[in-house]
Each structure stands twice: as C-alpha cells, then as structure tokens.
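Participant: Predicted model, plus sequence, below.
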Amino acid sequence: CVQGTCIGDCKMATLSRSARVALTLGVPLGVFVNQGVRAFASDASSKVINITSDAHFNQETQNGLCIVDFTAKWCGPCKQIAPIYDKLSIEHKDVKFLKVDIDDAAVANTVMASSISAVPTFMAWRGKELERFTGANPARIKDLVTRHKQ
C-alpha cells in the first residue's frame, strides 16, 4: 500500500502517471479509487482561490504576490499539475494562489486581456504582471514563487 492510503490491492506500477509524479514530489494523496486505480490529491486544505469574475481577479491581484494558474477542466497537463499547485498554496501562506478557468464566461475579459493562448499558463502578479510561462512544469512554478517572494 502506497503511504498507507490505498483502498484495495494496488501497486505503484498501476498508478496513473500523474499519481506517480505526485507521489515522487511528495504531494499528499487522498483516496485511490478502484476504476483504473487513479489517485487524486487531497485539496481539503488547499488555499487556492477560484476566480469567479473579472472584478474578482482585479481585486485579488491588487495587493501582495499572486501566482495565477490559467487552466481548463478539459486540459490533461492542467489536471496533472493541480495537486502540486495546491501543495504550494499550503506551503506558501504569504502568497495568494489563484485559479482562472479560461472557459468561464465570467472571466472572459481577464483571459483576453492576459493574452492566454495555451494552458496551463502561470503568472506572477504584484499589482501587475511580473512574469509568465506556459506548461505543467513543477520546478518552474516553485522557482516562480521563490524568486518573486524576495
């Protein structure tokens, strides 16, 4: 049993690629479901703020360091990086972690103004955009957070 959290008979080899990556990076795993033995991260303690409107985005990005994840529900790499992003939100309590669903009509102006052409796209904000990159790269997200915290 992996980290004592499994239900049923599972082995590391039967886990999805994203679950293996999550385990390797030390992401706390929640329940393993029997259909294909898929794992998902426990987000009960996640500090990620889901942006619900353009006004909400503008309000949240005005003060302090914000890391913004432009994502989509249908995006595989977005789903793979989500547990890592959640973990960072817990580890860095002095940073706001925001999530923007690019398919949500309520944030269409934010997505357009940010020139989002691919997901996931991550941005560092402090009243304005400081830096961005595209791709589900855990090391780059961690680097983005630590460099801009200073």
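Facilitator: Received it, and whenever you're ready, just let me know what you need. Numbers count the residues shown, from 1 in each chain.
Participant: Quick one: neighbours of Gln62, just the number.
Facilitator: By other C-beta atoms under 10 Å, 12 other residues sit near Gln62. C-beta here means a position set from N, CA and C on the backbone, and glycine is covered the same way.
Participant: Over to Gly127?
Facilitator: Residues near Gly127, counting by other C-beta under 10 Å, number 11.
Participant: That one touches Glu60, doesn't it?
Facilitator: No. Using C-beta atoms under 8 Å, Gly127 makes no contact with Glu60, being 11.3 Å away.
Participant: longest helix in the protein, by residue count?
Facilitator: In the chain, assigned by DSSP state H, the helix with the most residues is helix 76-91.
Participant: Who are the packing partners of that helix?
Facilitator: In terms of contacts (3 or more C-beta pairs under 8 Å, 6 or more residues apart in numbering; DSSP states H and E), helix 76-91 is packed against helix 17-24, strand 38-41, strand 48-50, strand 66-71, strand 96-101, helix 138-149.
Participant: What pairs with the shortest one, parallel or antiparallel?
Facilitator: As defined by DSSP bridges, the strand partners of strand 48-50 come to strand 96-101 (parallel).
Participant: which of the residues in the longest helix of the chain are buried?
Facilitator: 77-89 (16 or more other C-beta atoms under 10 Å).
Participant: and which of these is nearest Pro120?
Facilitator: The shortest gap between Pro120 and any of those belongs to Cys78, at 4.6 Å (C-beta to C-beta).
Participant: what sits against Leu88?
Facilitator: If you count contacts by C-beta atoms under 8 Å, 6 or more residues apart in numbering, Leu88 has them with Ile67, Phe97, Ile141, Lys142, Val145.
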